[in-house]
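1. Need the 3D shape of this:
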Amino acid sequence: MARISRNKRPKISAAIVGEGITEWYYFSTMRQVERFGFEVKPSIPKHSDFRSILDSARRLAAEGYDYVFCVLDMDDLIKKPALLREYLRERARNRQNRNILFVESMPCFELWFLLHFLQGYSAKVYENFHQLKPELMKYIKDYEKTEAFFRKKSIYEFLEKEGNSDQARQFAQKLLQDKPKSENPYFNYTQVYEVKDKLRSLK
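-> The predicted model follows:
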């Protein structure tokens, strides 16, 4: 009988806490397609404010998850300076945020979807989802933030097959590089690709 190595890498546990059904369905289908070992919490999100999301993330970290991804849209926060300051203070609390990785998108998660289809790099600014949606619907014509849409279309598989995920990652990295150079507080960016990078490193 072959001996089991005592140096075998222990299984890493990860969870993702998102704002709404868009994030839930995207990461759920990613988990199935890529066979990643993580959970998406809660089953279907009901509270989208950052306090509820952060509370859930900290609770999961306290329960023993090695990594908890806290996925947030920044469009509402950026328009409310007091709330943004509160969020930034909470994000900076290292002790309470042990093992929590913050994944932000400005204005919204759908920016990551759009980057899969652009013909070239663009730093065009969208202040909210409603401004971005017409552009996204050039490529996903029936897109809606509804359970009916996400049940009909496996969004992760669609983006992988019909879009260009490598390009989306490159454009997202470029936006993050350019963000500090801009004085526009609404400058668009997304860190969604970092979730996949991290999960792949844990496999």
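2. gap between stretch 108-122 and the chain center?
-> 13 Å (Cα atoms, centre = their mean, to the nearest Å).
3. repeat for stretch 69-81
-> In terms of Cα atoms, centre = their mean, the gap separating the centre of stretch 69-81 from the centre of its chain is 12 Å.
4. Torsion angles phi and psi at Glu104?
-> phi -100, psi 150 (degrees, to the nearest 10).
5. Surely it and Met74 touch.
-> Yes: shown here, Glu104 and Met74 form a contact pair, counting by Cβ atoms under 8 Å, at 5.3 Å. No exception for glycine: its C-beta is placed from N, CA and C like everyone else's.
6. what's the host helix or strand of Ser52 packed up against?
-> Per DSSP states H and E, Ser52 falls inside helix 50-63. When contacts are defined as 3 or more Cβ pairs under 8 Å, 6 or more residues apart in numbering; DSSP states H and E, helix 50-63 packs onto strand 14-17, strand 67-73, helix 81-91, strand 100-106.
7. Report the mean confidence score over it.
-> The pLDDT scores in helix 50-63 average 91.
8. lowest average confidence, helix or strand, in this protein?
-> Every helix and strand in the chain was compared by mean pLDDT, DSSP states H and E; the lowest is strand 38-41, with a mean of 79.
9. Count the neighbours of Glu194 for me.
-> Neighbour count of Glu194, defined by other Cβ atoms under 10 Å: 18.
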